[in-house]
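Asks: Fold the following, please.
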Amino acid sequence: MADPVPLSQTLERTAPHDQDAEEGLLAACIIEGGHEIVTDCVQAGLKPEAFYKPAHRLIFSAILDLLREDKISLDEIILTDRLRSMGSLEEAGGLAALNRLTSRIETTVHAKYWLEIVLEKALRRDLIGACVSVVEDCYQAAGDISDHMEKIEQEIFNLRNDQGSTSTVKLEGPINNAAALVKKQIDRDISASGIMTGFTQLDGSTQGFQPGQMIVLAARPSVGKTSLAMNFAETATCPTDMRDPVPTLVFSLEMTADQLAYRMLCSRSRVDMQRLRDGFLKKDHFKTVLNTAVELKNAPMYIDDASTISIYEMKAKARRLNQQLLNRNESPLGLIVIDYLQLVTSADRNSPREQQISEISRAIKGMAKDLDLPVIVLSQLNRDMEKEKRDPRLSDLRESGAIEQDADIVMLLNRVQFPSGGNDGEDVDDDGQNRTTYLGNTDTIKLIIAKQRNGPVGDFLLTFIKQYTRFENYASDQA
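Replies: Next comes the predicted model:
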């Protein structure tokens, strides 16, 4: 590897630019006389700041002004008049400079090529500026170094995203995709739906979790939201049908990776964790545990157990993992689980907590869209439902209404309170709560779909097997 160029030498160099390409592109815009080339520039994300020469920035600004006013023609005279009204004619070089520009080329056929050059040079200058800013921050700023690294990654990502990107597409493409999806659903093609959860009624209601969705799973503590989220992740990475495994990234802010793996191993093996800890588990079960361990080791699940992490750092890690998967010719990242939202670090730790949660919630939704995958985020509920002895509702989402606004699907969990005397085959404690059934030590949990942008809302029951920390379809559905 060559020795790095000294910083002082780097800063003294002339910034990357191509004056011929800038002049050629401006000349093409003027000679073409209409809006086609200018429109191509706008759709490619070209801004006046992308031009290196100040005079060229002024000329392109004037061209954009004329475009915004829907002028049907453009020539040197009209452009000169606009620059004069802007008070920038002398700085742009006057009519003589515009005439000189248009005499530089004979055809506009190379306009797109010049546009690419101008954008590429501008990106290089922006990258140099970002790097110089990083150097200054490293010399002057105090605080956590991870915050600075996170800022660097986000700035670089923003530069990449801003160049030539567009969110506007012709309806033809989305309609073709939608028609293909409808055909698959009619044909009962297994690949028609999104990421399935393994829970019959939930999958029937949502048709699976779709790319770009933010799915909120909320409950009071110790109701089982982590267990249910890990059941979702397990089904995605270890499908029991003909689906391909979906690479999944779990951000576990509350539990360590080892603790989470231990729970998953016992859950999938149907091993009683308490009996295992107490040393009462039969040795015959060990073979089952080993087989399950091999299965989970081969599953494309990745766990990040950093206890303090911001949403922007999560996004950077997800992008990095996705690129690593693609470099290995593996399937791209398909699902993210965040456990849980209230533990995510805000970029502005001095702002009010509700504002921090709002910022985090918007960033999670943005991450789902940018990475084009579903993000399941766990959240706490406030105590109002317990005080009022009722089922949870959207207004119970803790600390911010922004979560409700940003989410595509909101699912709420609550233990079912059975009336005194219980149901057939069940024992009920003094508090009226279901404790045991013929399946063993279980709870009956109500899953409430309180919001769904593209589907119905409603509720249904799940069975939570406590000794396995595992959810199953409700027992009566299996009978």
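Asks: What residues of stretch 53-60 count as buried?
Replies: Buried positions in stretch 53-60, judged by neighbour count with 16 or more other C-beta atoms under 10 Å: Ala55, His56, Arg57, Leu58, Ile59, Phe60. Backbone N, C-alpha and C define where each C-beta goes, glycine included.
Asks: same check, this time on stretch 297-312
Replies: Across stretch 297-312, burial judged by 16+ other C-beta under 10 Å covers Ala299, Pro300, Met301, Tyr302, Ile303, Asp304, Asp305, Ile309, Ser310, Ile311, Tyr312.
Asks: Spatially central, which residue of the chain would that be?
Replies: Nearest residue to the geometric centre of the chain (C-alpha atoms, centre = their mean): Met367, 1.9 Å.
Asks: now that one, nearest residue through space, not along the chain?
Replies: Leaving aside its chain neighbours, Met367 sits nearest to Lys315 (4.9 Å; criterion: C-beta to C-beta, 6 or more residues apart in numbering).
Asks: what comes up buried for the longest helix belonging to the chain?
Replies: Longest helix in the chain by number of residues, with DSSP state H as the criterion: helix 111-140. Buried residues in helix 111-140, counted by 16+ other C-beta under 10 Å: Ala111, Trp114, Leu115, Ile117, Val118, Leu119, Lys121, Ala122, Leu123, Asp126, Ala130, Val134.
Asks: Stretch 82-97 now?
Replies: Within stretch 82-97, the residues that count as buried by 16+ other C-beta under 10 Å are Arg82, Leu83, Ser88, Leu89, Ala92, Gly93, Leu95, Ala97.
Asks: what's the first-to-last distance across it?
Replies: This stretch, stretch 82-97, spans 14 Å end to end (C-alpha to C-alpha, to the nearest Å).
Asks: so how far is that stretch from its chain's centroid?
Replies: 45 Å (C-alpha atoms, centre = their mean, to the nearest Å).
Asks: So for it, mean pLDDT?
Replies: Mean per-residue pLDDT for stretch 82-97: 84.
Asks: which residues are in contact with it?
Replies: Residues outside stretch 82-97 that contact it (C-beta atoms under 8 Å, 6 or more residues apart in numbering) are 54-55, 58-59, 61-62, 65-66, 76-77, 80, 98, 100.
Asks: From the residues you listed, pick the one nearest Pro239.
Replies: Distance to Pro239, by C-beta to C-beta, is smallest for Ser61 among the contacts of stretch 82-97, at 54.8 Å.
Asks: Measure how buried the closest one is and give me the count.
Replies: Neighbourhood size, Ser61 [other C-beta atoms under 10 Å]: 18.
Asks: one step back: mark which of the buried residues of stretch 297-312 are part of helices, please.
Replies: Mapping the buried residues of stretch 297-312 onto helices (DSSP H) picks out Ile311, Tyr312.
Asks: Point out the least confident one among the buried residues of stretch 297-312.
Replies: Comparing the buried residues of stretch 297-312 by pLDDT, Tyr312 comes last, at 73.
Asks: Of the buried residues of helix 111-140, which pair is most distant in space?
Replies: Pairwise distances across the buried residues of helix 111-140 peak at 34.7 Å for Ala111 and Val134 (criterion: C-beta to C-beta).
Asks: helices and strands around the helix or strand encompassing the residue nearest to Met367, which ones?
Replies: Secondary structure assigned from DSSP states H and E places Lys315 in helix 311-327. Contact here means 3 or more C-beta pairs under 8 Å, 6 or more residues apart in numbering; DSSP states H and E; on that basis helix 311-327 packs against helix 145-162, strand 248-252, strand 301-304, strand 335-339, helix 353-371.
Asks: Minimum distance to Ile465: which of the ones you listed has it?
Replies: The minimum distance between Ile465 and the helices and strands packed on helix 311-327 falls on strand 335-339, with 19.9 Å, by C-beta to C-beta.
Asks: Provide the strand pairings for the closest one, with the direction of each partner.
Replies: Looking at strand 335-339 with DSSP bridges, its partner strands are strand 248-252 (parallel), strand 375-380 (parallel).
Asks: Including mean pLDDT, mean neighbour count and distance to Gly455, could these go into JSON lines?
Replies: What follows is the strands paired with strand 335-339, written out as JSON lines (pLDDT from 0 to 100; neighbours: other C-beta atoms under 10 Å; distance: least, C-beta to C-beta, whole Å):
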{"stretch": "strand 248-252", "mean pLDDT": "91", "mean neighbour count": "24", "distance to Gly455": "22"}
{"stretch": "strand 375-380", "mean pLDDT": "92", "mean neighbour count": "25", "distance to Gly455": "16"}
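Asks: Distance to Asn176 added to the ones you listed, as TSV?
Replies: Putting the strands paired with strand 335-339 into TSV (distance: least, C-beta to C-beta, whole Å) gives the following:
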stretch	distance to Asn176
strand 248-252	29
strand 375-380	26
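Asks: Relative to Leu228, which of those strands is closest?
Replies: strand 375-380 (8.9 Å).
Asks: Skip ahead from that closest one and say which helix or strand is next.
Replies: Downstream of strand 375-380, the next assigned helix or strand under DSSP H and E is helix 384-388.
Asks: Which strands and helices lie in contact with the helix or strand following that next one?
Replies: Where DSSP H and E defines the elements, the next helix or strand beyond helix 384-388 is helix 402-406. Packing partners of helix 402-406 (3+ C-beta pairs under 8 Å, 6+ apart): helix 353-371.
Asks: pLDDT value on Glu399, please?
Replies: Glu399 is assigned a pLDDT of 66 by the prediction.
Asks: Let me fix that, I meant to ask about Ala178.
Replies: pLDDT recorded at Ala178 is 67.
Asks: quick one, the helix holding Lys315 and strand 335-339 angle?
Replies: For helix 311-327 against strand 335-339, the angle by axes from the mean of the first three to the mean of the last three C-alpha atoms, to 10 degrees is 150 degrees.
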